[in-house]
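In: fold the stuff below for me.
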Amino acid sequence: MAHIVVIEDNEDLRELVAAVLTRNGHAVRHTADAQEGVELCRAAPTDVVITDLCVPHGDALSELLVRRRGARCPVVILITGLCDACRRYAGSVDAVLTKPFRMESLVGLVARAAPRERRARRRRTTT
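Out: Residues are numbered from 1 along each chain as shown. You can find the predicted model right below:
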């Protein structure tokens, strides 16, 4: 089970992503707001963050990328309909999904990413 934060301003997509990942055994917290999303990540251990690029009240992606320099950095999956963003952020995030995307693709990315992040977090806490 992965601990996941979803930051997406499209309510239908956010609810669908949360429901699919919950059905796949993950603990999901979600919001439409960038600032609240970053706070959710700070409030509890987070293995994976799935974020849209353009969400209200800030830039969640930039804040999360800054946190990559810190000790508690989750895997970041960017979902966007902006193709230029795919190229611009491809080297900064763990994965990019272009909207529309197949839920199976997202589930697969989370399944591969979450164990890697949990192992990394264990290493960080034991050193």
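In: give me the pLDDT for the residue nearest in space to the middle of the chain.
Out: Compute the mean C-alpha point of the chain, and by CA atoms, centre = their mean the closest residue is V49, 1.7 Å away. Reported pLDDT at V49 in the predicted model: 92.
In: partners of the helix or strand hosting it, with directions?
Out: Element membership for V49, per DSSP states H and E: strand 48-52. Strand 48-52 sits in its sheet next to strand 3-7 (parallel), strand 75-80 (parallel), going by DSSP bridges.
In: quick one: distance of that strand to the chain centre.
Out: The chain centroid and the centroid of strand 48-52 are separated by 2 Å, computed with CA atoms, centre = their mean, to the nearest Å.
In: related to what we said a few turns ago, ok, now which ones touch the residue nearest to the centre of the chain?
Out: Neighbouring residues of V49 by CB atoms under 8 Å, 6 or more residues apart in numbering: 4-7, 37, 41, 60, 64, 74-77. Where C-beta positions appear, they are placed from N, C-alpha and C, glycine not excepted.
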